[in-house]
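**Q** When you get a sec, could you give me coordinates for this:
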Amino acid sequence: MFSATTRALFHLKTLQDAMKNFTFPLDFEERHHIVLPWVKHLQNGTLDQMKEVSLHGDFLRDIFQDVLGYRSLIQGSGETWEIHAEQTMADGGGSADAAIGFFAASTGSRGNVKLGGRVIAPIELKGAKNDLDRPSPGRKESAVDQGWRYANYTPHCQWVIVSNYREIRLYQTSKTPAYYESFLLEDLQNLENFKRFYFILCRQNFLGKSPELTDASRIDRLLLDSDQREEAITKELYEQYKAVRLSLTQHFRRTTPKSLRNRNYVLIEKAQKLLDRILFIAFCEDCGLLPPKTLTKAYEFQDIYGNSSPWDRYKQVFRWVNAGNENPAIPGYNGGLFKPDPLLDETFEVNDLLCSQLNQLTRFDFATEVSVNILGRIFEQSITDLEELKAEAEGQIFDQKQGKRKRQGVYYTPAFITEYIVGLGLGGYLREQEQRLALELGLGDLGDLPLETQREREIQFWQAYHGVLEQMRVLDPACGSGAFLIAAFDYLSREYGRVDRSLKALTESTSNAETIPAKPAVPMVTQGSLLNGNLEPQVSLADPAIPSESTKPEVAALILSQNLYGVDLSPESVEITKLSLWLKTAKPGQVLLDLDDNIKVGNSIVANARVDKAAFKWQRQFPQVFAAGGFDVVLGNPPYVRQELLSPLKPYLQANYQTYDGVADLYVYFYEKGLEVLKPGGVLSYIVTNKWFKAGYGEPLRRFFAENTVVEQILDFGHAPIFEDADVFPCIISARKPTQKRQVPAVQRGPELLVRVCPIPREQLPGLNLSQYVQEQGYDVPWDGFTANTWSLEPPAVNGLMQKIQERGIPLKDFAGVKPYYGIKTGLNEAFLIDEATRNHLVQADSHSAEVIKPYLRGQDINRWIPNWNNLWIILLKSSLNTKWPWSNHNDVDQAEIIFSEYFPSLYKYLHPFKNALQKRQDKCCYWWELRPCAFYDAFTNPKIFFQQIQFHPYFALSQQEIFSNNKVSLLPTDSLYLISVLNSPLIWWYSWRHLPHMKDDALALVGYHMETLPIANVLQNMTAQVEEKAFIIIEITKSNQQAHHEVIDWLKVDHKITKLGQKLENFASLDCDRFLEEVRQRQPKGASFGPKVVKQLREVYNDYAPGIQSRQNQALILENQLSDLVNQAYGLTLEDIDLLWKTAPPRMPIPRPHAQP
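**A** Got it, this is the predicted structure:
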C-alpha cells in the first residue's frame, strides 16, 4: 500500500535490489540485539519518563556507534572519527546534538591540537514524548526545523537526521522536507526492517571513502539511481498507458454505433473508465488486495468448451471485484468504479489484441515500482492528453497552448507546495481548535489536581478533539487529479491516529501509577493569547511525528465520507480524483466507499444552468455541509485562465461577484467563491499568481479581502519555477473568514492583526524547508496596511521609506509634463526595419529615399546614459494623415501606388514583396506602404530620454539627435540632466523594484500607470548646477568609452575575422592584457595567424585603449556616487534611510554601495 505519512527518499524496488547485492556483517544479529532493549523500554513507557538529554549519550553510543559502526573520537584514537557529539555549526547555526561526517585532529605550528572536518549529517535528538514536527513548549522550532537549520549553516551538508527515540528520520538536503526515510524503533524488532535501517545508515554505506565532495557513497548513488529509475518508470508506464487509451478510443470509434448520443465524448469516457479499472486491479494484485495475477490468468485462461474471449473474462473479473466471489476468492469492492455499466459492459467490445495491451499494464510492480509520485504525475498528464483525444475525435488539430492547461488553467502542483498549503490551512485550523479546547478544559492548570482527575480531563480533551476531526469539512473547488485531497487525507489520517494513540495511552494506564504515562504534549495557552489572536500555528509537512500504521478502514471511511469534498469542471479529473482516493484507502475485503456525494463535476463559479450546463449550486449539492454553516477549510490551486477566454461568462460574473473586473482572470472568482462557502472562522489557503497584488484588475479583489477577510500569511515565490513549463509568479495566501461579518473600511482596522509575509528566493527553493524558512526569514506586516490600493509585501521599515520617497516626489508624467511615448509600431518590422547594407543599397539605387530612411534603436541598444546605435535604420513612410505625400489625396489606391512607385522607386521595389502581409496588418492607415498615424514624430527629432519597456538593468539614455525607436522602447521628450540622473540613480531602481510589475526573470515593466506615477523629487535649490555638471561629464565619458569600444571591436571583426566576440571579449577593457590575448586567440578562425607580430599588435591596441577606458570608468563611478548622494538629498533621505536602502537593495543595483559596510 502507499504510505499514508511520507514520501520515501528511495525508490523501493531500487532499494531492494541494492540490498540483495550487499553483504551484511558477520555480527549482524549481535548488532540487532543491541536495539531490542531500546524497543522494550519504549514499549513499557520507561523512555517517556526520562529527561530529554539524559539518554542522548547512550542512544548515540548504542545505535550509531555499536550498531551502525561510526567511530567516536576515543574509538578513533583521537586521529580520525565519524561521529562527533555536540557539533557546533558555522556562522551562528547553533549546536547539534551530534553529527556524522569525517573528523580529524591536527597539530598546529605552536603544538596546539585543532579539530576539524566535514559534516555530512547533523543529528538532532529529542525525548520520547516530543513531537518531531512540532516545537516543544517555549520553543519556536521543531526537531525537524532545527536539523534543517544546522544543515543550512553547514557547507556541502547532504543529509539531516532527527530522532525522538520512537522514530529515526533521514532527510536529504537536495529534496524538500516532504521526502524522508522513517524508521520506527518498534519496527526494528523485525529483522527485515532492521536490515533496511542498517543498509541505509551504516557507516560503510552512508559515508564515502573520503571527505572529498566527488567521493559519492553507496547511499548517494542509491538516491541518484532511485530518481533515475522513477523517472524511467514514469515515462515507460505513461507511454504505454497513453498508447492503450488511444488504441481503445480508436477501436471504439470504429466498432460502436454512430447513433450513440455524445458519441465522441462517451467513447473517451469509457476508454478512461476501462483504464481506471485495469490500474485498480493491477494495484490490488500487487498490494495483496486481490489474488496475484488475477487479470493475467483471466487473459491466458483456455476455455476449450465455452470459447469465451479475453474480454468476456475481463468483464467477469470486473463483476467479481464489484460484488465478490468465492472461487477464486475475491472480495467485493464496489464503490462505483466496477458497478455495472451497460455501455462499457454490454455494448462495447474489446478485441484480443487490446486485451493483451491492457494486461501488459499489470506487469509493473505497483507495490515496489510505481510510487504515489509516479501515479500522481501520470494522472496529471492524463488530464492534458484527454483534451488532445477530444480534439482529434472532433476532427480538430490539437494546440497544446489552447488545450486544457490553457482553457481550464490546469497546472500540476508540486508535492512540497501541496503539503505546505495543507499544513498551513488545515493544520493551522486544527491547531487553533486544539488550543481552544485546551483553554476551555483548563489544561493549563492541572498541576494541583489529583492524577486521576488530570487523566480524566485529558481524556475529555482528546475525545473532544476527535469530535472536531469528525466535523471537519475540507474542500478543493478545482480538485484536478486530487493532489490536495490526497494530502488532506494524509494529514487527517495522522491526526486521527494521534488521537487514538493518546486515548489508548490514557485509558490503559493504571490508577495507582505515580506519574501519568506517556502522552503527546497538549497545547497550553493563556486566555489572553487566544483572544488577542497571537497564536502562530506551525506548518508541518509531515505532521505529527509518529507515522501511523496504514489507516484503519473505519477512519478512512470517515475521512472520505465526512471530511473531504472536491469539485472540478472536468469529468475526467473527477474520476481520476476518485481513483486516487480509492487506491489510497483500499483494504482487503473492504467495500470501496461511493464518492459520488463528495467528489462532483461542476463549474464551481457558475450557479446558473442557462449560463453553463455544468452550473454548480453549492447548497443543493452539499446540503449537509451548509446546514452546519459551510466548509471549515478551502484549499487548492485555482485555474489560471486569462480573461479573454471568459467572454461568455462575463455578464454573469459581473452580476454575481463583487470582485468582478473586465480583465480579471478566472482565479479571482475562485477567491470570492472559496471565501463565500467557508463558515465563519474558516480558513482559505490557495496558491495563485501574485499579479493581482498590484494590477488594476485586482483592485476589487483587494477591496474584497480588506473588507471581508483577515489575511494571515503570504508567501511570494516571484519567478521561482513552481509549475513546470509555466512562469505564473506564484504566491501562497492564507486568509480567515471573520466570525462576524465586517464591512468596515480597512483604515479603521486596528494594527494588532499581523500578516506573516515571506518572499522566497528562487535560487534557494531547491531543497528548501519552507516552514522553517518562513519562520526564520518571514516578517510581520500590519493587516491594516492592506487596502484596495496596491499591496506591498515589504517590511514596515521598507514601506515607510517607500512612502517617504513617494511623498517627496511628484508623478513622472507631471514632472515631465507628458506621459512617456511608445516607440514606432510598424505592424511588420521585417519590412520597415533594415540594416546598414540594405539602407546603402536603397540609397544607391535612389538617393531620394535617404530622406525617409532614419536611424532607429532597439531595446538592446539602450545603454546607461546614452544609447548605443548599431547602424540600424527604419523606413519612415509616415501616414498620409501626418504628411502630405504626392499620392496622399488619391482615392484610387492603384493610382496612388503608381505614384509611390515613381516617387520612391527603390523603396517600392523593396516593399512590394511584403505587400500582402502589409495589407493584413492592423497597424496601418491609408495605404499599405505607410506606417500608422503618430502624433509625436517631433519627439524623436528633439532631445529625449529613451528607456526599455521591459528593463533588466536600470538603463536610461539621453539622445540629442534625430533617432527613432521600435515599439520595445519608450521615450520622454526632455533634455533634463536632472531627470536622467534621478532615473539612473540607485534610489529609483530600489523604488522601481518594489513599485513596478515584475516580468519573466525579474525584469521590470516600465509601462502604464505604474511608470507614469514614478515619484520624481523636485530639484533642491542650488543643486541644479551640481547635478547638471556631473551628469554632463558622465555622458561625455560614456561617449568616449563607447567610441573607443567600437573602434576596438570593429578592428577585431575586420582584421582578425572574429564573428562571435563572446561576453568577455565584448567587455575587453575589464580583462587584463594576457586574458585579452587568450580570448582573441580562442575566438579567431581556425588557422589564423597568432605569431609574435600579431601578439605585439594586440598588446599595443590593448594598451592604447583599455587603460583609458578603465580610468574613465573609475572617474564616472566617482561622479555617479556623488550624483546618488545629491538624489538622496533631493528626496530627504537620512543616513538611516540610506543604510536601509542598501541593506535591502534589489539585484542589479546600478552602482556598488559606496564605502560598503561589512
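
**Q** how many other residues sit next to Asn152?
**A** Residues within reach of Asn152, counting by other C-beta atoms under 10 Å, total 21. Heads up, the C-betas are built off the backbone N, CA and C, glycines and all.

**Q** Kindly provide the distance from it to Gln713.
**A** From Asn152 across to Gln713, the span is 21 Å (C-beta to C-beta, to the nearest Å).

**Q** do the same with Gln624
**A** 30 Å.

**Q** Who has more neighbours out of the two?
**A** More crowded of Gln624 and Gln713, by other C-beta under 10 Å: Gln713, with 22 against 9.

**Q** What segments of the stretch 401-550 of the chain are helices?
**A** With helices called from DSSP state H, counting those that start in this stretch, the stretch 401-550 of the chain shows them at 404-407, 415-422, 428-440, 451-471, 483-508, 527-531.

**Q** which one of the ones you listed lies closest to Lys909?
**A** Closest approach to Lys909 among the helices of the stretch 401-550 of the chain is made by helix 404-407 (42.5 Å; C-beta to C-beta).

**Q** Once you drop chain neighbours, what's closest to Leu793?
**A** Closest residue in space to Leu793, ignoring its immediate chain neighbours: Val757 at 4.8 Å, by C-beta to C-beta, 6 or more residues apart in numbering.

**Q** The one you found: neighbouring residues, count only.
**A** By other C-beta under 10 Å, 20 other residues sit near Val757.

**Q** how about it, what does it touch?
**A** Neighbour list for Val757: Gln713, Ile714, Asp716, Gly778, Tyr779, Asp780, Val781, Leu793, Pro795 [criterion: C-beta atoms under 8 Å, 6 or more residues apart in numbering].

**Q** swap in Ser976?
**A** Ser976 neighbours (C-beta under 8 Å, 6+ apart): Ala816, Ile945.

**Q** cool, and Lys878?
**A** Val852, Glu930, Leu931, Cys934, Tyr937.

**Q** on that earlier part again, out of the helices of the stretch 401-550 of the chain, indicate the one that is most buried.
**A** Each of the helices of the stretch 401-550 of the chain was assessed for mean neighbour count using mean count of other C-beta atoms under 10 Å. The highest is helix 415-422, with a mean of 25.

**Q** Can you tell me what sits against that one?
**A** 7, 176-179, 373, 376, 483-484, 487-488, 490-491, 539, 541-542, 635-636, 685-687, 722, 732, 770-771.

**Q** May I have the phi/psi pair for Gly682?
**A** phi -70, psi 170 (degrees, to the nearest 10).

**Q** average model confidence for stretch 33-45?
**A** The pLDDT scores in stretch 33-45 average 92.

**Q** Quick check: buried residues in it?
**A** For stretch 33-45, the neighbour count (16 or more other C-beta atoms under 10 Å) marks Val35, Trp38, Val39, His41, Leu42 as buried.

**Q** contacting residues for the closest residue to the first one other than its chain neighbours?
**A** Spelled out, it's Val35. Nearest residue to Val35, sequence neighbours excluded (C-beta to C-beta, 6+ apart): Leu188, at 5.1 Å. Taking C-beta under 8 Å, 6+ apart as the criterion, Leu188 is in contact with His32, Val35, Val39, Phe194, Phe197.

**Q** Check the gap between Leu188 and Leu449 for me.
**A** Leu188 sits 38 Å away from Leu449, going by C-beta to C-beta.

**Q** Kindly report the same for Ile760.
**A** Ile760 is 46 Å from Leu449, by C-beta to C-beta.

**Q** Also Leu437?
**A** In terms of C-beta to C-beta, Leu437 sits 17 Å off from Leu449.

**Q** what does Phe194 give?
**A** 43 Å.

**Q** So the two - more neighbours on which side?
**A** Phe194 (21 against 13).

**Q** How about the secondary structure of the more buried one?
**A** What DSSP: H, G, I helix; E, B strand; the rest coil gives for Phe194 is helix.

**Q** Hmm, His32 and it touching each other?
**A** Yes - shown here, Phe194 and His32 form a contact pair, counting by C-beta atoms under 8 Å, at 5.2 Å.
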